[in-house]
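# just a sequence and a predicted model for now, questions to come.
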Amino acid sequence: MVSAPYIFFHSGRHWWKDDTDPILVNCKTINEEIARPLLTSLSVNVSRPDTLLSWLGNNDAAYITYILVFVDAYLFDHPPPTRWSELFEKLGREATNLQHLVVYWDYDPPIHTGLGTDLGFVQALTQLKVKRSITLEGFYAKPWPEYLERKMGLRPLEGESSRNGLLRQYQRGTKRLTP
């Protein structure tokens, strides 16, 4: 089985994974006729919603089947939750074949606490229409898995970080956060 082409959206730019077919890499958009036979699905890795939003202005989100959202802890350089909400709203409408979602909330204490307890961010996530799996990684509030299951209809898998004592420590005091 051939894996889906993989594209990164970080640091204000995008690039394709090294083993991507050069024909696809050289297309101005994935909507070009020459790109269509190479795309049955697309995997996306994003930490900058503005970069992906801009790219989606010229490219079809319906190809996206997998998305990894990396939520950077460094808030001074991080997009606000409202920008994530705009991205998730657009993907909720246009990424009609989204099968898998992975969310990684970064955390670098004591100053860089990230968005792991941000109500607006987790509420915005529920705009995505994921069909098969949701995986939560990193540092997030204790109620998020239950909330996401209730709103999205899929029980989130809790990744490796859920077995980590640091996550349990992070989650202390977050039980009352209720979106």
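Here it is on my side, so go on. Residues are numbered from 1 along each chain as shown.
# all contacts plus neighbour counts: C-alpha atoms, from now on.
Will do.
# state the mean pLDDT of the longest helix along the chain.
With DSSP state H setting the assignment, residue counts place helix 81-94 as the longest helix in the chain. Summarised as a single mean, pLDDT over helix 81-94 is 96.
# show me what it is packed against.
Helix 81-94 sits against helix 49-56, helix 119-125, with contacts defined as 3 or more Cα pairs under 8 Å, 6 or more residues apart in numbering; DSSP states H and E.
# how near is the spatially most central residue of the chain to T174?
For the chain, the residue nearest the mean C-alpha position is V69 (2.4 Å; Cα atoms, centre = their mean). Between V69 and T174 the distance, using Cα to Cα, to the nearest Å, works out to 21 Å.
# F8 and W15 touch, don't they?
Yes - with the criterion set as Cα atoms under 8 Å, F8 and W15 qualify as a contacting pair; they are 5.4 Å apart.
# burial count for the residue nearest to R36 when sequence neighbours are not counted?
On the basis of Cα to Cα, 6 or more residues apart in numbering, the spatially nearest residue to R36 that is not a chain neighbour turns out to be I30, at 7.0 Å. Burial of I30 is recorded as 21 neighbouring residues (other Cα atoms under 10 Å).
# could you do L101 as well?
22.
# tell me the contacts of it?
With Cα atoms under 8 Å, 6 or more residues apart in numbering as the criterion, the residues that contact L101 are 66-69, 130, 133-135.
# which pLDDT value does the model give it?
L101 is assigned 98 on the pLDDT scale.
# and for T117?
Note on T117: pLDDT of 91.
# and it, what does it touch?
The neighbours of T117, taking Cα under 8 Å, 6+ apart as the test, are 140-141, 174, 177.
# helix, strand, or coil at I30?
Counting by DSSP: H, G, I helix; E, B strand; the rest coil, the backbone at I30 sits in coil.
# mind listing the helices for this protein?
The residue ranges that make up the helices of the chain, judged by DSSP H, are 22-26, 49-56, 81-94, 119-125, 144-152, 165-171.
# flag the shaky bits of this structure, pLDDT-wise.
Low-confidence segments of the chain, defined by pLDDT under 70: 1-2, 75-77, 162-163.
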